[in-house]
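**Q** pasting the sequence and the predicted model now:
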Amino acid sequence: MTGGPDRARLFDLASVLLTYPGERMSGAGPELRAAVGAITHPETRERLTAFLDWFLTTDPLAVETHYVRTFDLRRRCGLYLTYYLHGDTRKRGIALLTLKQRYRAHGLRLAEGELPDLLPVVLEFAAVAGPGDGEAPLRQHRQGLELLRSALEETGSPYRHLLEAIVAVLPPLTEADREAIRTLAVDGPPVESVGLAPYGVDVDAIGFGPDLSTDSTAGPCPQARPAGSSLESAL
């Protein structure tokens, strides 16, 4: 997949499917199937179809519980991309501000309380702004995306199919990237304060953004964002 409608459709759909799977999402099966079926690139379509096969045939409560346990309660599966690169440091604040300014320049407004490095937001921006400036945040956080993909694969989460589709259309990892990922997996992100353990440790509350709930059955979860206009644009 080199570009065009397939690329934008992939990022838009992945943005929608990586949001908290509320009632509205579970009831959009036919529209989601149709949107995935419109993708012409076979490998991308197969990966998204594999995810939908699980998503649309699993009890909605079980899907919601899996989402919270995966993205809220596992450090390596956080959806806030700047944390992988900068941890809880001053540089992360600068990176968040830079992202917000980039979005504003392209007319993308964040929902109240929404952080600009949340992966569904980054994907939405890539779909709207295009391969150049729009995909720059994805390329910049390629290492974090790969760490997330690897963690999802290790746990067997169906969400791995979405990350596999995303990273497949980004530039391949360099040897420097792979070395940085190995270091991140062992040491965790940069630290300016105490209390951050390496990625391999599961915790109830970490510095990915808003405070995280310890109730894995509660919803919507802290990393959730409204499907809103994104759902309409993807479908």
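**A** Cool, got the structure.

**Q** contacts for the longest helix along the chain, please.
**A** As assigned by DSSP state H, the longest helix anywhere in the chain is helix 90-105. Identification of contacts with helix 90-105 by C-beta atoms under 8 Å, 6 or more residues apart in numbering yields 82-83, 85-86, 109-110, 115-117, 121-122, 125, 133, 136-137, 190, 192. C-beta here means a position set from N, CA and C on the backbone, and glycine is covered the same way.

**Q** mind redoing it with 6 Å?
**A** With contact meaning C-beta atoms under 6 Å, 6 or more residues apart in numbering, helix 90-105 is reached by 82, 86, 116-117, 125.

**Q** residues contacting the spatially most central residue of the chain?
**A** A centroid search over the chain (C-alpha atoms, centre = their mean) returns residue 119, at 3.4 Å, as the residue closest to the centre. Residues in contact with residue 119 (C-beta under 6 Å, 6+ apart) are 18, 79.

**Q** which intervals of this structure have sub-threshold pLDDT?
**A** Applying pLDDT under 70 to the chain flags the ranges 1-3, 192-235.

**Q** go again using 80 as the cut-off
**A** Residue ranges of the chain with pLDDT under 80: 1-4, 23, 26, 75, 187-235.

**Q** and residue 171, what helix or strand is that in?
**A** For residue 171, there is no host helix or strand (DSSP states H and E).

**Q** what's the distance between it and residue 152?
**A** 20 Å (C-beta to C-beta, to the nearest Å).

**Q** excluding sequence neighbours, find me the nearest residue to residue 26.
**A** Using C-beta to C-beta, 6 or more residues apart in numbering and skipping residues adjacent in sequence, the residue nearest residue 26 is residue 60, 4.4 Å away.

**Q** verify the stated contact: that neighbour with residue 28.
**A** No - look at residue 60 against residue 28 with C-beta atoms under 6 Å: they stay out of range, at 11.8 Å.

**Q** okay, the two: which has more neighbours?
**A** Neighbours per residue (other C-beta atoms under 10 Å) separate residue 60 from residue 28, with residue 28 holding more: 18 against 15.

**Q** tell me how far the more buried one lies from residue 124.
**A** Residue 28 sits 17 Å away from residue 124, going by C-beta to C-beta.

**Q** swap in residue 27?
**A** Counting by C-beta to C-beta - residue 27 and residue 124 are separated by 21 Å.

**Q** which one's more surrounded, those two?
**A** When neighbours are counted by other C-beta under 10 Å, residue 27 and residue 124 differ, and residue 124 comes out ahead with 26 against 11.

**Q** isn't the more buried one up against residue 17?
**A** No - applying C-beta under 6 Å as the test, residue 124 and residue 17 come out as separate, 11.9 Å apart.

**Q** before we move on, back to that, residue 171 and residue 152: which is more packed in?
**A** Legend: neighbour count by other C-beta under 10 Å for residue 171 and residue 152, higher for residue 152 (22 against 11).

**Q** in this structure that one contacts residue 160, no?
**A** Yes - Residue 152 lies in contact with residue 160 (C-beta under 6 Å); the separation is 3.9 Å.

**Q** what about the helices in this structure?
**A** 5-17, 23-26, 29-37, 42-55, 60-71, 81-86, 90-105, 119-129, 136-140, 142-155, 160-168, 175-187, 228-234.

**Q** and the fifth one with helix 42-55, angle?
**A** So that's helix 60-71. 120 degrees (axes from the mean of the first three to the mean of the last three C-alpha atoms, to 10 degrees).

**Q** and helix 60-71, what does it pack against?
**A** Contact partners of helix 60-71 among helices and strands, from 3 or more C-beta pairs under 6 Å, 6 or more residues apart in numbering; DSSP states H and E: none.

**Q** now do the first one
**A** Contacting helix 5-17 under the criterion 3+ C-beta pairs under 6 Å, 6+ apart are the following elements: helix 119-129, helix 160-168, helix 228-234.
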